[in-house]
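Q: Have a look at this prediction, sequence included:
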Protein chains: 2
Amino acid sequence: MENIITKYKEKGLRLTPQRIAILKYLDGNTGHPTADNIYRDIKRRYPTLSFATVYNTLQTLKEHGGIMEITIDSMRKHYDPNTTPHHHIICVDCNEIWDVFEDYSKVLRLPPHLTREVRIAGAHVDFYGLCRKCQKRKGVKM
Amino acid sequence: MENIITKYKEKGLRLTPQRIAILKYLDGNTGHPTADNIYRDIKRRYPTLSFATVYNTLQTLKEHGGIMEITIDSMRKHYDPNTTPHHHIICVDCNEIWDVFEDYSKVLRLPPHLTREVRIAGAHVDFYGLCRKCQKRKGVKM
DNA sequence: TCTAAATTTAGAATAATTATAATGTATGGA
DNA sequence: TCCATACATTATAATTATTCTAAATTTAGA
C-alpha cells in the first residue's frame, strides 16, 4: 500500500482523495472486487465520484503494476491488488473467487511449436467448481 | 459435427437452417470465433439472421456440451467447438488465440483447504504473451 | 396437411465500459 | 503563500456486448 503511493508519486501521478480512497479500498482486499463494488463503496464518502474515475484509476494502477485484472468471470472484470503471480478458483454458481498461491510455473510446459509462435510472458490457471455454500443451497450430496 | 446434429435431434431440439449454418461454421473451426464473427459470416447467406439466434444457439450448444466458452479475452467471449479439455494462449496485443493440447490435470494440485471450500470440476490454463507477428510489428528484438 | 410447441426475428433494454468536453485541483516554482 | 498549468474529476453521452420481449414463423410429428 505505502509502496503503491510511493510508486504513484515517483511516476508523477497525482494523489487525489479519490485515488487514495480507491487505493485504500484495494489495499489488502482479497475479495476480488469489480469496478462496481469499488464505485458503490467509495461513492458513500465521495458522492460526486464517477465511474470514469474508478476506471481511470484502475487503468493507471494496471499500467503501473499496482493491480491484476482477472478475466475468470465472463460477466465482468475483477481486480486483485495482490500482484504476486497466483491463480484463482471461481464458483460457477455464485461467482465468488478464491486465491490459489501455488507455483505451477515449473510444470506448465508448452510444446516447442507454440513457444516459437508466441513469446510467453506468463500463465494463470482458472479452476472452476461449486463452492460449499452453493452445494448446500442446491442440495448437492456431499 | 454429425454427432452434434444427432445429439440435437435426440434432445428434441429442432434443426433449423440457421442452426445448421452455425453448426457448420463452428465445425472444425480452430479460430476461436466470437458471436460477432459467427453473425457476420452467416448473415451473408441468411440476411434476416439476428444476434438473438446466434446467442440462443450458442447457449443451447453450451448446455449440451457442443462448444466451450472461452473467457481468456476480457473484451468478448470466444467459442471453441473442440470440447476435449484443452488450454489456450492469447496474444496480449492482437488477441489471437491458439490451442494448447497438453494435459496438466496431474500437475495442477490444490492445497486441501481449497478443495474443501470448492468441489473442483476442472481447470483451464491461460497463457499470455506476444505473438511473432506482433513482435515484428512492434519491433521487438527476437 | 394440420397443429402445437419450439424457434426466429426486429427491436428495445440492460450492463459494463469508454469517450468527451467542461470544470476543478494538486503540485512545484516564484 | 500564491499561481500557473498540467493532470484529474465530473456529468453526460456514446459504445459494445449481450439479453429480453412479444409477435410472426417454422419445425416435426400425428
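A: In hand now; what should we look at? Numbering: from 1, shown residues only, chains lettered A, B, ... in the order given.
Q: can you tell me which helix in chain A is longest?
A: Ordering each helix of chain A by length in residues (DSSP state H) puts helix A:51-63 first.
Q: What pairs with the next helix or strand after it, parallel or antiparallel?
A: Downstream of helix A:51-63, the next assigned helix or strand under DSSP states H and E is strand A:68-70. Strand A:68-70 sits in its sheet next to strand A:78-80 (antiparallel), going by DSSP bridges.
Q: centre of the chain versus the partner strand, how much separation?
A: From the chain centre to the centre of strand A:78-80 is a distance of 2 Å (C-alpha atoms, centre = their mean, to the nearest Å).
Q: likewise stretch A:70-88?
A: Distance of stretch A:70-88 from the chain centroid (C-alpha atoms, centre = their mean) equals 3 Å.
Q: Just the buried positions in the lengthiest strand in chain A, please.
A: The longest strand of chain A (DSSP state E) is strand A:118-131. Judged by neighbour count (16 or more other C-beta atoms under 10 Å in any protein chain shown), strand A:118-131 contains these buried residues: A:118, A:123, A:124, A:125, A:126, A:127, A:128, A:129, A:130, A:131. All C-beta atoms are positioned from the backbone trio N, CA, C, and that covers glycine.
Q: follow-up on the earlier one: what would the longest helix of chain A look like as PDB? C-alpha coordinates only.
A: C-alpha atoms of helix A:51-63 as PDB (Å, rounded to 0.1, in the frame of the first residue of the first chain):
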ATOM      1  CA  PHE A  51     -17.300   5.600 -12.800                       C
ATOM      2  CA  ALA A  52     -14.800   7.300 -15.100                       C
ATOM      3  CA  THR A  53     -12.600   8.000 -12.200                       C
ATOM      4  CA  VAL A  54     -12.800   4.400 -10.900                       C
ATOM      5  CA  TYR A  55     -12.000   3.000 -14.400                       C
ATOM      6  CA  ASN A  56      -9.200   5.600 -14.900                       C
ATOM      7  CA  THR A  57      -7.600   4.800 -11.600                       C
ATOM      8  CA  LEU A  58      -7.900   1.000 -12.300                       C
ATOM      9  CA  GLN A  59      -6.300   1.600 -15.700                       C
ATOM     10  CA  THR A  60      -3.400   3.600 -14.300                       C
ATOM     11  CA  LEU A  61      -2.900   1.100 -11.500                       C
ATOM     12  CA  LYS A  62      -2.900  -1.700 -14.100                       C
ATOM     13  CA  GLU A  63      -0.300   0.100 -16.200                       C
END
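Q: could the buried residues of strand A:118-131 go into TSV alongside pLDDT and distance to DNA strand C?
A: Output for the buried residues of strand A:118-131, formatted as TSV (pLDDT from 0 to 100; distance: C-beta to the nearest atom of the strand, whole Å):
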residue	pLDDT	distance to DNA strand C
A:118	96	23
A:123	96	22
A:124	95	17
A:125	97	21
A:126	97	16
A:127	97	21
A:128	95	19
A:129	95	23
A:130	95	22
A:131	95	20
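Q: which ones among those come in contact with chain B?
A: Residues shared between the buried residues of strand A:118-131 and the neighbourhood of chain B are A:118, A:123, A:124, A:125, A:126, A:127, A:128, A:129, A:130, A:131 [C-beta under 8 Å from any C-beta of the partner chain].
Q: immediately after the helix or strand of chain A with the lowest mean pLDDT, which helix or strand?
A: Counting by mean pLDDT, DSSP states H and E, chain A has its least confident helix or strand at helix A:2-10, which shows a mean of 69. Downstream of helix A:2-10, the next assigned helix or strand under DSSP H and E is helix A:17-26.
Q: Residues in contact with that next one: which ones?
A: Around helix A:17-26, the neighbours that count as contacts under C-beta atoms under 8 Å, 6 or more residues apart in numbering or on different chains are A:1, A:4-5, A:8, A:13, A:33, A:38, A:41-42, A:45-46, A:49, A:53-54, A:57-58, A:61, A:66-67, A:79, A:81.
Q: hmm, back to that, give me the helices and strands touching the longest strand of chain A, please.
A: In this structure, strand A:118-131 packs against strand A:87-91, strand B:87-91, strand B:118-131, with contacts taken as 3 or more C-beta pairs under 8 Å, 6 or more residues apart in numbering or on different chains; DSSP states H and E.
Q: Now the element after the longest one, going C-ward?
A: The reference is to strand B:118-131. Beyond strand B:118-131 on the C-terminal side, the first helix or strand identified by DSSP H and E is helix B:132-137.
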